[in-house]
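Peer 1: fold the following.
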Amino acid sequence: MTELKLFLKLNYRQAKTLNANKPTIITITGPSASGKTLFAHTIHDELIDELGEDGISILSEDSYYRSQSHLTMSEREQTNYDNPSAFEHDLLAEHLKSITENKSIDVPIYCYKTHTRLNETRRFTPTKIVLVEGILLLTDKALRDQFDIKVYMDTPLDICLVRRIKRDLTERNRSIESVTNQYLETVRPMYYQFIEPSKAWADIVITRGGKNRMAIEVLKAKIRQLSKLPLQK
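Peer 2: I've put the predicted structure just below:
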């Protein structure tokens, strides 16, 4: 998709659904390790000084993983974390609705090492632009209805696998065997069952992952426009 076509598509989407009286919620979704987190944080970090802390923020679907504290550690490690049932999407949808009403929320804090939620939460105050990133955000209608712009990162699975191995080995202290087993048993099957079909709900599809500068600059330009809209108090 050329830069002009992408910009025009965003303009069309804005004209159809955006409401100047509430925060604009943009979802960035796609397969695990597709570059969605990098894409979201790049946009956020490059605009935060310009828009201010009340102008743009990020919310992660991972925060809404269900706690597995009722299971043994062995059972937790066998849980399918790439199935929509692994997430408390009802709570996320409720929180997104609160955000559109300019109400603060208490976001759960999830621990990847123990597969449980911490006792404390993180206070999240709505901003004019809210970026929501995660793998299964377009699989749930209640969530889709809350998103003003839906972006899908279309990255080949082999590239995602290499990135996932590097990430999980260095950041999550996992073995190559556990990462590849999880990929074959749950990640890949769930991609074809849930994630890839959800691409049909996206307003725009981005290739080349989180370092696609053209897509980053186009979305930044659109966010600059949207940030000038007043919010109701």
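
Peer 1: what is the least confident helix or strand in the chain?
Peer 2: Ranked by mean pLDDT, DSSP states H and E, the helix or strand of the chain with the weakest confidence is helix 3-17, at a mean of 54.

Peer 1: after that helix, next one along is what?
Peer 2: Scanning forward in sequence from helix 3-17, with DSSP states H and E defining helices and strands, the next element found is strand 24-29.

Peer 1: which strands and helices lie in contact with the helix or strand just after that next one?
Peer 2: Scanning forward in sequence from strand 24-29 by DSSP H and E, the next helix or strand is helix 36-51. Using 3 or more CB pairs under 8 Å, 6 or more residues apart in numbering; DSSP states H and E, the elements in contact with helix 36-51 are strand 24-29, strand 56-60, strand 129-134, strand 149-153, helix 213-227. C-beta here means a position set from N, CA and C on the backbone, and glycine is covered the same way.

Peer 1: and the longest one, how far from the chain's centre?
Peer 2: So the one you mean is helix 213-227. 17 Å (CA atoms, centre = their mean, to the nearest Å).

Peer 1: what's the angle between that helix and strand 149-153?
Peer 2: Orientation of helix 213-227 against strand 149-153 (axes from the mean of the first three to the mean of the last three CA atoms, to 10 degrees) gives an angle of 160 degrees.

Peer 1: buried residues in the longest strand along the chain?
Peer 2: Identified as the longest strand of the chain according to DSSP state E is strand 116-124. For strand 116-124, burial by neighbour count (16 or more other CB atoms under 10 Å) applies to 116, 117, 124.

Peer 1: hang on, isn't the last one packed against residue 108?
Peer 2: No - proximity of residue 124 to residue 108 does not meet the contact threshold set by CB atoms under 8 Å, at 10.6 Å.

Peer 1: what do those two both touch?
Peer 2: Common neighbours of residue 124 and residue 108, counting by CB atoms under 8 Å, 6 or more residues apart in numbering, are absent.

Peer 1: pLDDT score for the nearest residue to residue 159 once chain neighbours are set aside?
Peer 2: Residue nearest to residue 159 in three dimensions, not counting chain neighbours: residue 209, with 7.2 Å by CB to CB, 6 or more residues apart in numbering. Residue 209 carries a pLDDT score of 86 in this model.

Peer 1: which residues touch the residue nearest the centre of the chain?
Peer 2: Relative to the mean C-alpha position of the chain, the nearest C-alpha, by CA atoms, centre = their mean, is the one of residue 133, at 1.0 Å. For residue 133, the residues meeting the contact criterion (CB under 8 Å, 6+ apart) are 27, 28, 29, 36, 37, 39, 40, 58, 59, 60, 61.
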